[in-house]
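> Generate a structure from the sequence data that follows.
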Amino acid sequence: MKALILAVLLAVAQALFPVPGNTAKDNAHGSYSAKKPSNDHKDVPAPTPIQSTVSPASSQRDGSHETAEEKQQHVIVDRLPDKDGWDKFYICLTAALTAIAAFTLGAIWYQAIQTKKGLYSRICG
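Sure thing, here's the model as predicted:
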């Protein structure tokens, strides 16, 4: 019980105090801080608007105003990439952890049955 209380206190204490120097820039409480506008960007030229790459002759020819980027393109995948060593390692690790979990579940189940039998033998004795 003491260990549980200590674990809860440590978890709460860790969540309460932010790391100095790494505080969030966006405050979740919605406070507003007024800042004076900076004059750092006076000499930066305004961005130029994006020009359309469709020539009038090509759009009049086929009657569509879509460019090549706007049309949907289909991608066909012939085969999946080969598994590298890390993929095989993760698959084996997952299988090992699943086997350990199944063994643990069986042990807990067996202990529960034996405890149940022991309690009934003492009560009905």
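> Name the next helix or strand downstream of the worst-scoring helix or strand of the chain on mean pLDDT, please.
Using mean pLDDT, DSSP states H and E, helix 56-62 stands out as the lowest-scoring helix or strand of the chain, at a mean of 53. Per DSSP states H and E, the first helix or strand lying C-terminal to helix 56-62 is helix 85-124.
> average pLDDT for that following helix?
For helix 85-124, the mean per-residue pLDDT is 93.
> Repeat that for stretch 74-82.
For stretch 74-82, the per-residue pLDDT averages 87.
> same check, this time on stretch 6-22
Rounded mean pLDDT across stretch 6-22 is 71.
> Renumber starting at 26 from here on
I'll keep to 26 as the first residue from here, and by that count the last item is stretch 31-47.
> Tell me how many other residues surround S146.
9 (other C-beta atoms under 10 Å). For the C-beta atoms, the positions are set from N, CA and C on the backbone; glycine is no exception.
> Give me the distance between it and G131.
According to C-beta to C-beta, to the nearest Å, S146 stands 23 Å off from G131.
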